[in-house]
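K.L.:
kindly generate the corresponding structure for this input.
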Amino acid sequence: MLKLVAEDHPLEWETINIEEDDEIHEKYMLMIPVIEHEGRVRTYGNIGYIDVLELIDE
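P.N.:
This next block holds a predicted model:
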């Protein structure tokens, strides 16, 4: 979804494979996928195009 939004809006992100880090996996395993910004979970689960746009507009 991030790639789709990035076609229309400037957007940068870092993808982290939580299965490679036990601490992160423990923290987020029931919430995948997760969008976190500046240390705060912004949204998780079934993330749609509009969800990402709303995060950009905040």
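K.L.:
centre-most residue in the chain?
P.N.:
To find the centre residue of the chain, average its C-alpha atoms and take the closest one (Cα atoms, centre = their mean): that gives I35, at 2.1 Å.
K.L.:
the helix or strand where that one lies pairs with which strands?
P.N.:
Counting by DSSP states H and E, the element that carries I35 is strand 34-37. Strand 34-37 has the following sheet partners, assigned by DSSP bridges: strand 40-44 (antiparallel).
K.L.:
contacts for the strand it pairs with?
P.N.:
Outside of strand 40-44, the residues within contact range by Cβ atoms under 8 Å, 6 or more residues apart in numbering are Y28, M31, I32, P33, V34, I35, E36, D51, L55. Placement of C-beta: from N, CA and C, glycine included.
K.L.:
now the helix or strand following that strand against strand 40-44, angle please.
P.N.:
Of the helices and strands lying after strand 40-44 in sequence (DSSP H and E), the nearest is helix 49-57. Relative orientation of helix 49-57 with respect to strand 40-44: 160 degrees, computed using axes from the mean of the first three to the mean of the last three Cα atoms, to 10 degrees.
K.L.:
surely the residue nearest to the centre of the chain meets E58?
P.N.:
No. Using Cβ atoms under 8 Å, I35 is not in contact with E58; the gap is 11.7 Å.
K.L.:
buried residues in stretch 47-58?
P.N.:
Neighbour counts over stretch 47-58 (16 or more other Cβ atoms under 10 Å) mark I47, D51, V52 as buried.
K.L.:
pLDDT and distance to T15 added to those, as CSV?
P.N.:
As requested, those are exported to CSV (pLDDT from 0 to 100; distance: Cβ to Cβ, whole Å):
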residue, pLDDT, distance to T15
I47, 95, 13
D51, 94, 17
V52, 94, 14
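K.L.:
picking that back up, now the contacts of strand 40-44 in TSV, with distance to E7?
P.N.:
Rendered in TSV, the data for these read as follows (distance: Cβ to Cβ, whole Å):
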residue	distance to E7
Y28	26
M31	26
I32	24
P33	19
V34	22
I35	17
E36	22
D51	16
L55	16
